[in-house]
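J.: this is a predicted model, with the sequence first.
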Amino acid sequence: MTRLRFGGYQPERSVHTRAARALDVALREQSAGGLGLDIAAQITSTGRLASDLLAMTESGELDLCYFASSYLAGRIPALGVLDLPFEGADRAAIWRRLDGEAGRLIKDSVARSSDYELLAFWDNGVRHISNRVRPVLHPSDCAGLSIRTLDNAFHKAIFAALGFVPRFIDVKDLGEEVRSRTIDAQENPLTNLVNFDIHKTHRFVSLTGHFFGIALLLGNRAALGQLDRANRAALDHSISRATQIQRELAAAEDCECLRLLEADGVDLVTAGQIDHVAFRACVADVVATETCRLDPVLLATWRVDG
C-alpha cells in the first residue's frame with residue numbers, strides 16, 4: 001500500500017480530523033487497498049506549530065494538509081477574496097462560488113504561486129468574536145481590547161480599524177494565552193471555542209459572523225504527480241466524498257456548539273443585536289484598499305457566482 005502523509009492541528013472530535021478519517025476510509029475503498037493515509041491529526045502535540053504544516057507540505061515532509069486560507073493570502077493574493085469581511089455566511093452561495101469558476105481561478109493561482117496543489121475547499125466555520133471583558137455589540141465595545149488574530153495583515157488591519165489591538169498567536173499557544181488572560185479577545189468559529197475550551201475563560205461571545213473561514217486541502221504537487229492514473233483517480237473521488245462529509249459536519253457543528261454554549265451559560269450576543277452597519281462602516285476604507293489588490297476578473301466572478 002502507498003501511504004500518503006497527512007497533517008492537521010485539530011483534535012479527533014473536530015470536523016477536520018473526522019473528515020480526514022473519512023478521506024482515509026474512502027481512499028482505501030476506492031483504491032482497493034492500494035492507497036491510504038498516515039494521519040498526524042494534531043501536529044502541535046509533537047511540539048510543532050500548527051503553521052508549520054504549510055512548510056512541511058510544500059517541502060514534501062508531508063503529502064497533504066488542511067489549513068486556513070488566510071495564512072497564505074499575503075503570498076497568494078487571489079486568496080484575499082475569501083477574507084472580505086461582513087459579506088454574509090450563506091453556505092450554499094459560498095460553495096457555488098468555490099465549486100465553480102471562482103474556485104477554479106483560485107486553484108490556478110495557487111498552482112502558479114507555490115508548490116501546492118489545491119485539492120478542495122473545506123468549511124472552516126463562520127468566525128465570531130469572544131472576549132473576557134464585556135459584550136461586543138458595536139465597534140465602540142472593541143476599543144482597547146487586545147485580540148488574537150490569524151497571521152494575516154489584512155485581518156490585523158480590519159481588527160485595528162474596529163479599535164482592537166491585534167496580535168497573532170499560533171493555534172498551539174491559543175488556549176494557554178486565553179487561560180492566562182494575556183489577551184482579552186479572540187475570533188474563531190464556534191467549534192474552536194468549544195474544542196479549545198476558550199469559552200471557559202471568554203464568557204462573552206458575539207455572533208458577528210465577520211468572516212466565513214475556508215480551510216484549504218493542500219497537497220504537495222510533486223508527490224501527488226507521482227501517483228499512477230488509477231490511484232490519482234481514487235484520490236480525486238475520495239477527496240470529493242470527504243469534502244461533502246466535511247461540509248455537512250461543519251454546518252451541523254455550528255448548531256451543536258451554539259447549543260453547548262447556551263447550556264454552559266455563556267453570554268451570547270445574537271446577530272440581530274449587533275450593529276453590523278457600524279462595523280462595516282469602520283472597515284470600509286481597509287476593505288476598499290484590499291479589494292484594489294484583487295484580480296478584477298476573479299472579483300467579478302466571485303460576485304457573479306454568489
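T.: Looks like it came in fine. It should be emphasised that the depicted structure is a prediction, and the values quoted were computed from it without experimental measurement. Residues are numbered from 1 along each chain as shown.
J.: tell me what the helix or strand encompassing residue 260 is packed against?
T.: Per DSSP states H and E: residue 260 is located in helix 229-263. For helix 229-263, the packing partners by 3 or more CB pairs under 8 Å, 6 or more residues apart in numbering; DSSP states H and E come out as helix 15-30, strand 35-40, helix 91-98, strand 116-131, helix 190-195, strand 204-220, strand 267-269. (C-beta placed from N, C-alpha, C; glycine too.)
J.: now do the buried residues in it.
T.: Residues of helix 229-263 classed as buried by neighbour count (16 or more other CB atoms under 10 Å): 231, 234-235, 238-239, 241-243, 245-247, 249-250, 253-254, 257-258, 261.
J.: again with stretch 94-111
T.: Neighbour-count burial for stretch 94-111 flags 94, 95, 97, 98, 101, 102, 103, 105, 106, 107, 109, 110 (criterion: 16+ other CB under 10 Å).
J.: so what touches the lowest-mean-pLDDT helix or strand in the chain?
T.: Of all the helices and strands that make up the chain, helix 296-305 has the lowest average by mean pLDDT, DSSP states H and E, namely a mean of 89. Outside helix 296-305, the residues within contact range by CB atoms under 8 Å, 6 or more residues apart in numbering are 78, 81, 93, 96, 97, 100, 101, 102, 105, 106, 109, 291.
J.: mind listing what's buried in that helix?
T.: By neighbour count on 16+ other CB under 10 Å, the buried set for helix 296-305 is 298, 299, 301, 302, 305.
J.: average pLDDT across the helix or strand containing residue 281?
T.: Residue 281 belongs to helix 276-293 when assigned by DSSP H and E. In this model, helix 276-293 has an average pLDDT of 96.
J.: can you list the residues that contact it?
T.: 77, 80, 83-86, 138-139, 154, 157-158, 161-163, 208, 210, 299.
J.: what is the distance between that helix and the centre of its chain?
T.: From the chain centre to the centre of helix 276-293 is a distance of 21 Å (CA atoms, centre = their mean, to the nearest Å).
J.: list the buried residues in that helix.
T.: Within helix 276-293, the residues scored as buried using 16+ other CB under 10 Å are 279, 282, 283, 286, 287, 290.
J.: quick check, nearest of these to residue 62?
T.: residue 290 (30.3 Å; CB to CB).
J.: so where's the protein uncertain?
T.: Applying pLDDT under 70 to the chain picks out residues 305-306.
J.: next, the residue lying farthest from the centre of it: secondary structure please.
T.: Within the chain, residue 32 marks the point farthest from the mean C-alpha position, 31.9 Å out by CA atoms, centre = their mean. Assigned by DSSP: H, G, I helix; E, B strand; the rest coil, the conformation of residue 32 is coil.
J.: and the gap between it and residue 38?
T.: In this structure, residue 32 and residue 38 are 19 Å apart, going by CB to CB, to the nearest Å.
J.: over to residue 222?
T.: For residue 222, the distance to residue 38 (CB to CB) stands at 18 Å.
J.: what of residue 181?
T.: 38 Å.
J.: residue 15 touches residue 192, doesn't it?
T.: No. If you go by CB atoms under 8 Å, residue 15 and residue 192 don't touch, sitting 10.4 Å apart.
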